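1. build me a structure from this.
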Amino acid sequence: MRIVLFGQAAFGRDVFTALRDGGEEVVGVSVPRQTGRPDPLAEAATEAGVEVIETPALRQDEPFQRYLEWKPDLLVFAFVTDIVRKRVLDAARLGAIQYHPSLLPRHRGRSAINWALLTGATRTGLTIFWVDEGIDTGPVLLQREVEVGPEDTVGSLYFQRLYPLGVEALVESVRLVREGTAPRLAQDETLATYEPPCGPEHVVIDWMQHGEVIANIIRGGDPQPGASARYGGETIRLYGGRYLPGHPEQPPGTVLDIEDGRARIAAIGGAVRIERVQRDGQAKVAAGEILRPGDVLEHG
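-> Residues are numbered from 1 along each chain as shown. Got it, this is the predicted structure:
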């Protein structure tokens, strides 16, 4: 089965390596437009002698004809941010499958991990689905669930679980397609959600919200775009949040204490513990390097 891999970065590279290590035939690779340092997937493909075409170039006739010469059976989308034209999809005999870091149809869109945390999910996962003309709407091929811990962030969920599990799931899905046993399970549209890309406006902290909600906002913006609060007349960003139930005697937003560099901040229903703080244009530092007991943080 002739596979063309679309993707980028370390995740795309690791999927490429895992497919080849598993004996699959990757006949071509497509990556975003290259500017500056070569993409890790493009580097790995070039070193392996596999031809690379930039995805935007497939809109042009000459690169598209080169792509057709690969005679793809299956397209594998590992980490794709470009729009792939219908004629590119139609050229693959078996279609295309794609990785998505949520349990579809929940959290369609490109900020799926952020929104799982922002909405307080205790479980999430990944989906490998068949690509159609919608946004993350195609039939499900395979899903894997993971637990969300009280201190999980976007970064920890992705790099510690959804990244390695996603590489394994794509390899397994390709095997199922090759063996002719890959399912096509329609998504339940009554359960579908679609959220916009998570931006700074979605992670502004209001200290009059419940402490658990605030902690979810901080975790859902960690590491990007970073939950914001006002402190001493400037905007700061907070990272490594965890909700601590209790009954603080200070008003919400008040720094209660500093322990091992972490700040405990009063909130409705308890407190929120903060690991790191970042001022605009500066590096992240331990919360205790900036905040002091008795300081008050305000709406971001």
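2. and the chain, what are its domains?
-> By the assignment in automatic domain parsing, the chain contains the domains 2-191, 200-299.
3. mind putting the ones you listed into TSV with mean neighbour count and mean pLDDT?
-> All C-beta atoms are positioned from the backbone trio N, CA, C, and that covers glycine. TSV is the format used below for the domains of the chain (neighbours: other CB atoms under 10 Å; pLDDT from 0 to 100):
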stretch	mean neighbour count	mean pLDDT
domain 2-191	18	97
domain 200-299	19	97
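4. shouldn't Gln187 be within a helix?
-> No - counting by DSSP: H, G, I helix; E, B strand; the rest coil, Gln187 is not found in a helix; it is coil.
5. so the residue lying farthest from the centre of the chain versus Ala266, what's the distance?
-> Relative to the mean C-alpha coordinate of the chain, counting by CA atoms, centre = their mean, the farthest residue is Glu249 (37.8 Å). Per CB to CB, to the nearest Å, Glu249 is found 8 Å from Ala266.
6. residues in contact with stretch 17-36?
-> Residues lying outside stretch 17-36 but in contact with it, judged by CB atoms under 8 Å, 6 or more residues apart in numbering, are 1-8, 12, 16, 39, 41-42, 44-45, 48, 50-58, 67, 70-72, 76, 81-82, 167-168, 170-171, 174-175, 178.
7. ok, whatever helix or strand Val27 lives in: who's next to it in the sheet?
-> Using DSSP states H and E, Val27 maps to strand 25-31. The strands beside strand 25-31 in its sheet (DSSP bridges) come out as strand 2-6 (parallel), strand 52-54 (parallel).
8. so what's the backbone phi/psi at Val148?
-> Comment: the main-chain dihedrals of Val148 come out as phi -110, psi 120, following degrees, to the nearest 10.
9. and it, what does it touch?
-> Taking CB under 8 Å, 6+ apart as the definition of contact, the neighbours of Val148 are 116-117, 121-124, 157.
10. nearest to Ala186, of these?
-> Checking the contacts of Val148 against Ala186 by CB to CB gives Thr124 as the nearest, at 20.8 Å.
11. let me know the distance separating that closest one from Gly138.
-> Here Thr124 is placed at a distance of 19 Å from Gly138 (CB to CB).
12. kindly report the same for Val4.
-> Look at Val4 and Gly138: by CB to CB, they are 17 Å apart.
13. skipping adjacent residues, who's closest to Leu118 in space?
-> Taking CB to CB, 6 or more residues apart in numbering as the measure, Leu118 lies nearest to Gly220, with 3.6 Å between them; neighbours along the chain are not counted.
14. same check on Ser173?
-> Ile128 (4.4 Å).
15. does that neighbour touch Tyr99 like I think?
-> Yes - with contacts counted by CB atoms under 8 Å, Ile128 reaches Tyr99, the gap being 5.9 Å.
16. tell me, what's touching these two both at once?
-> A shared contact of Ile128 and Tyr99, defined by CB under 8 Å, 6+ apart, is any residue touching both; here these are 169-170.
17. contact partners for the most centrally placed residue in the chain?
-> If you average the C-alpha coordinates of the chain and look for the closest C-alpha using CA atoms, centre = their mean, you land on Ile113, 5.1 Å from that point. Each residue near Ile113 by CB under 8 Å, 6+ apart is listed here: 101-102, 124, 154, 157-158, 162.
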